[in-house]
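# quick check, what structure comes out for this input:
(4 chains)
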Number of protein chains: 2
Amino acid sequence: MTVVGRFSTRPLYLQVKDMLIQRIAAGAWKPGAAIPNEIELSRELGISVGTVRKALDEMESERLISRRQGRGTFVIDQTSNEHAVRFSNIRDANGIRITGEVESCSVAAAAASDVESRRLQLRTGEPIFHIHRVRTHNDAPLMVEDATVPQSRFPGLPQEEDVTLSIVVLAHRYGVLLARAEEKVGATAAKGGIAKALKVAEGTPLLTLDSVVYAIDGRPIEWRVAHCHLSDDHYLAEMS
Amino acid sequence: MTVVGRFSTRPLYLQVKDMLIQRIAAGAWKPGAAIPNEIELSRELGISVGTVRKALDEMESERLISRRQGRGTFVIDQTSNEHAVRFSNIRDANGIRITGEVESCSVAAAAASDVESRRLQLRTGEPIFHIHRVRTHNDAPLMVEDATVPQSRFPGLPQEEDVTLSIVVLAHRYGVLLARAEEKVGATAAKGGIAKALKVAEGTPLLTLDSVVYAIDGRPIEWRVAHCHLSDDHYLAEMS
DNA sequence: AAGTGGTCTAGACCACGGA
DNA sequence: CCGTGGTCTAGACCACTTA
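Residues are numbered from 1 along each chain as shown, chains lettered A, B, ... in the order given. Predicted coordinates for the structure are as follows:
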């Protein structure tokens, strides 16, 4: 039996949450698998069920687990279709989130420039990867994107053949749990290589997305600048 | 003493929440005022403190109240600067949400067209108001917007001199509590009257916002189409 | 010091899902 | 039927704010 919280002022339920998050990130339970029930967890930790419940409730609201009455509590599979697109606000005509399919892709190692280190909260010169992608949807060009990620979080990335993956799936493979993203949206005129890649005339208005994805520890994981040409698709922001 | 929940299967804490929301919408407590403490509410309703607490926790997450340890629980003032801009994703250079200042404004009564009735979940022909506004920020044109609201929710609106108000403040005056909004974002080229109003050349890429604001009962309150020219400002979407 | 919300406990019973 | 999470209770003590 593990007793938590004896020497910390951090609320017990947050300590429980921290510990469970760590266990999930470490892969103690596979995605989709059930975790021990409330009673069992409370016994294991030597605390009350209500405290475990509060930790689990918060984790559910952060999309780390899914709880269903009568069935149990399950680790969410971040790589599933449903969750892999959670940081894309682009939706098809049916309102389904899409990311498109990667048509071409290239990776290069580099040192962080001033602006890159600022957006990713690194020191200038820290090693990073640049990932360039062209995405299509229904065989039509959808977007051109340039992503930057810190090498420290994705060691050995260029060896992987997985740079076509969405950041959600990629982060999952490297044991990074994602929490949220911020995306600046703008309108600019297509020009040069971007117009060519998207097969539109120069001057066509494009949606530009400048987004940063943050891990559960609050640190930035990916900075991405994308230029999109949306035909049957649209960008949908939700506010509450 | 009021006893709730005897003849309903709806969870007690949701009934409590419903009742408190109704009281707030009815103006039983003024914005910014403290509501009775947990113990008092639980005694008044003849239920446990934990149940009251669960209702209040949900209401806080929906921005209806604000709770502060040692002070009390307060009704949020939706008309305050902080909350009046909550459905605008446009931010200034400092990252502060802005809506701009209304430069010109006009209102007209009309019957809902097909598309309007669809977006606002009305029947075609139901009475609506059209509100046209031009907004500036720092003396530069910011956006041209056309809003549509159902007359049923805002009886006698044209008599008011308040059509320059944001939908959040307006809804508050008519006893409507807002919950969330959805906004389609696109990029189009400026033309005609819109280019003139925004003082930009024809063909300039503009951000178009097509948004619907929903009340706490889930029904649409406002449909708005805006064309924005953002110079020092930007549009920021947050995802989680 | 008094009053508030925040945390934590240790139960009880209910609603749901699957065997 | 059993096991799960969901609701609800009735307390205790703590941390914070204000007077």
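# how about the helices in chain A?
A:12-25, A:38-45, A:49-61, A:81-84, A:114-119, A:167-173, A:192-198 (DSSP state H).
# quick one: which of those helices is nearest chain B?
Nearest of the helices of chain A to chain B, taken as CB to the nearest CB: helix A:49-61 at 8.7 Å. (Each C-beta comes from the backbone N, C-alpha and C, glycine too.)
# how about residues contacting the closest one?
Helix A:49-61 has contacts (CB atoms under 8 Å, 6 or more residues apart in numbering or on different chains) with A:12-14, A:16-17, A:20-21, A:38-39, A:41-42, A:45, A:65-67, A:73.
# ChimeraX command for the buried members of the residues you listed?
Burial among those is assessed by 16 or more other CB atoms under 10 Å in any protein chain shown; the matching ChimeraX selection reads:
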select /A:12,13,16,17,20,21,38,41,42,45,65,73
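# right, and the pair among the contacts of helix A:49-61 with maximum separation?
Using CB to CB, those span at most 23.1 Å, a distance reached by A:12 and A:66.
# how about the nearest residue to residue A:31 once chain neighbours are set aside, what does it touch?
With CB to CB, 6 or more residues apart in numbering or on different chains as the criterion, residue A:31 has its nearest non-adjacent residue at 3.7 Å, and that residue is residue A:77. For residue A:77, the residues meeting the contact criterion (CB under 8 Å, 6+ apart) are A:31, A:32, A:83.
# what subset of these is buried?
Buried subset of the contacts of residue A:77 (neighbour count, 16+ other CB under 10 Å): residue A:83.
# export the contacts of residue A:77 to CSV and tack on distance to DNA strand D and pLDDT?
Formatted as CSV, these follow (distance: CB to the nearest atom of the strand, whole Å; pLDDT from 0 to 100):
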residue, distance to DNA strand D, pLDDT
A:31, 16, 95
A:32, 14, 96
A:83, 19, 95
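# nearest to residue B:232 among the contacts of residue A:77?
Checking the contacts of residue A:77 one by one against residue B:232 (CB to CB), the nearest turns out to be residue A:83, at 35.8 Å.
# wouldn't the closest one be in contact with residue A:75 here?
No - look at residue A:83 against residue A:75 with CB atoms under 8 Å: they stay out of range, at 11.5 Å.
# return the distance of the residue nearest to residue A:31 relative to residue B:239.
Distance from residue A:77 to residue B:239, counting by CB to CB, to the nearest Å: 19 Å.
# what's the answer for residue A:49, then?
Distance from residue A:49 to residue B:239, by CB to CB: 33 Å.
# again, but for residue A:162
23 Å.
# mind checking which of the two has more residues around it?
Neighbours were counted for residue A:162 and for residue B:239 using other CB atoms under 10 Å in any protein chain shown; residue B:239 has more, 16 against 12.
# check contacts around the more buried one.
By CB under 8 Å, 6+ apart, residue B:239 lies in contact with A:86, A:87, A:89, A:180, A:181, A:182, A:183.
# my read is that residue A:143 contacts residue A:100, right?
Yes - if you go by CB under 8 Å, residue A:143 and residue A:100 touch, sitting 6.5 Å apart.
# what residues are shared contacts of these two?
Joint contacts of residue A:143 and residue A:100 (CB under 8 Å, 6+ apart) are residue A:135.
# tell me which of those two has more neighbours.
Between residue A:143 and residue A:100, counted using other CB under 10 Å, residue A:143 has the larger neighbour count: 26 against 22.
# who's that one bridged to?
Judged by DSSP bridges, the bridge partners of residue A:143 are residue A:135, residue A:228.
# what does residue A:236 give?
Applying DSSP bridges to residue A:236 gives these bridge partners: residue B:184.
# ok, it to DNA strand D distance?
Using CB to the nearest atom of the strand, to the nearest Å, residue A:236 is found at 28 Å from DNA strand D.
# what's that residue in contact with, if anything?
Residue A:236 makes contact with A:89, A:90, A:91, A:95, B:182, B:183, B:184, B:185, according to CB under 8 Å, 6+ apart.
# ok, now residue A:120?
Residues in contact with residue A:120 (CB under 8 Å, 6+ apart) are A:112, A:128, A:148, A:149, A:150, A:212, A:220, A:223.
# hmm, try it at 6 Å
Contact analysis of residue A:120 by CB atoms under 6 Å, 6 or more residues apart in numbering or on different chains lists A:150, A:220, A:223.
# tell me which residue is most central in chain A.
Geometric centre of chain A, nearest residue: residue A:168, 3.8 Å, by CA atoms, centre = their mean.
# surely that residue is in contact with residue A:84?
Yes - counting by CB atoms under 6 Å, residue A:168 sits close enough to residue A:84 to count as a contact (4.9 Å).
# near chain B, which residues of chain A? Just list them.
A:87, A:180-185, A:187-189, A:205-207, A:234-240 (CB under 6 Å from any CB of the partner chain).
# which among those residues end up buried?
A:87, A:180-185, A:187, A:189, A:205-207, A:234-237, A:239.
# and the gap between the residue nearest to residue A:142 when sequence neighbours are not counted and DNA strand D?
Spatial nearest neighbour of residue A:142, chain neighbours left out: residue A:100 (4.1 Å); criterion: CB to CB, 6+ apart. Distance of residue A:100 to DNA strand D, given as CB to the nearest atom of the strand: 35 Å.
# and residue A:100, what pLDDT?
What the model reports for residue A:100 is a pLDDT of 97.
# and it, how far is that from residue A:226?
Separation of residue A:100 from residue A:226 (CB to CB) stands at 10 Å.
# how does chain A divide up, domain by domain?
Per the record's domain assignment (the TED database), chain A is made up of the domains A:12-75, A:90-235.
# what's the end-to-end length of the longest one?
The first residue of domain A:90-235 is 4 Å away from its last residue (CA to CA, to the nearest Å).
# how about stretch A:223-238?
This stretch, stretch A:223-238, spans 21 Å end to end (CA to CA).
# chain center to that stretch: distance?
Centroid separation for stretch A:223-238 versus its chain: 16 Å, with CA atoms, centre = their mean, to the nearest Å.
# do the same with stretch A:83-92
In terms of CA atoms, centre = their mean, the centre of stretch A:83-92 is set 10 Å apart from its chain centre.
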